[in-house]
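[1] Got a predicted structure plus its sequence, pasted below:
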Amino acid sequence: MAVLNPIVNRRKEPRFRVGWSATLTCNLADLEESVGAKVTEVSLNGARLLLRSLKIGPHHIVADGESLRLTLKVNLTQGAFVAPVRVIWYSTSREKGSFDVGVTFMQSSKEHRAAMESLISTVALAPTQPQC
């Protein structure tokens, strides 16, 4: 009889549910292309995005992930939050024709952490539970 492993939460920081509109931009050589995204969860270390496609222009963000420079920009009433990100996972979303994409923030400066702490303090919803 096989024993199933329980879900293990490997997150270093709790994530919070949000509904922020964002733009994911790909910078490669002289090319800069953007795609709309929705930030559905956020933590101090990363975010979950909802994207309609895994492509930005001619580039597949997962297959080309190591060579692409990606920037996430979120426009909020408090101002814009901009951070370089790296895709760390993706899956087909429950919503037809879209993808859940997990990104990690590449900046680790004190200013970046302070900006994220300020944004997260405005989120009044409970932390999310780990998913499969």
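    That came through fine. Residues are numbered from 1 along each chain as shown.
[2] so where do the strands sit in the chain?
    With DSSP state E as the criterion, the chain has strands at 16-28, 31-42, 46-51, 55-56, 59-60, 69-76, 79-92, 99-105.
[3] could the ones you listed be laid out in TSV, adding mean neighbour count?
    Where C-beta positions appear, they are placed from N, C-alpha and C, glycine not excepted. Output for the strands of the chain, formatted as TSV (neighbours: other CB atoms under 10 Å):
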stretch	mean neighbour count
strand 16-28	17
strand 31-42	17
strand 46-51	22
strand 55-56	19
strand 59-60	15
strand 69-76	17
strand 79-92	15
strand 99-105	19
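[4] wait, which of those strands is closest to residue 115?
    Of all those, strand 79-92 sits nearest to residue 115, with 6.2 Å by CB to CB.
[5] Strand partners (parallel or antiparallel) of that closest one?
    Strand 79-92 has the following strand partners under DSSP bridges: strand 69-76 (antiparallel), strand 99-105 (antiparallel).
[6] Dump those strands into a markdown table; add mean pLDDT and distance to residue 60 as well.
    Converted to a markdown table, those look like this (pLDDT from 0 to 100; distance: least, CB to CB, whole Å):
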| stretch | mean pLDDT | distance to residue 60 |
| --- | --- | --- |
| strand 69-76 | 89 | 12 |
| strand 99-105 | 91 | 11 |
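[7] was I right about residue 60 contacting residue 54?
    Yes: Residue 60 is within contact range of residue 54, at 5.8 Å (criterion: CB atoms under 8 Å).
[8] Turn the strands paired with strand 79-92 into TSV, including distance to residue 42.
    Shown next, in TSV, are these (distance: least, CB to CB, whole Å):
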stretch	distance to residue 42
strand 69-76	9
strand 99-105	10
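[9] Now do the contacts for the closest residue to residue 32 other than its chain neighbours.
    Residue nearest to residue 32 in three dimensions, not counting chain neighbours: residue 25, with 6.3 Å by CB to CB, 6 or more residues apart in numbering. Shown in contact with residue 25 (CB atoms under 8 Å, 6 or more residues apart in numbering): 32-34, 56, 70-73.
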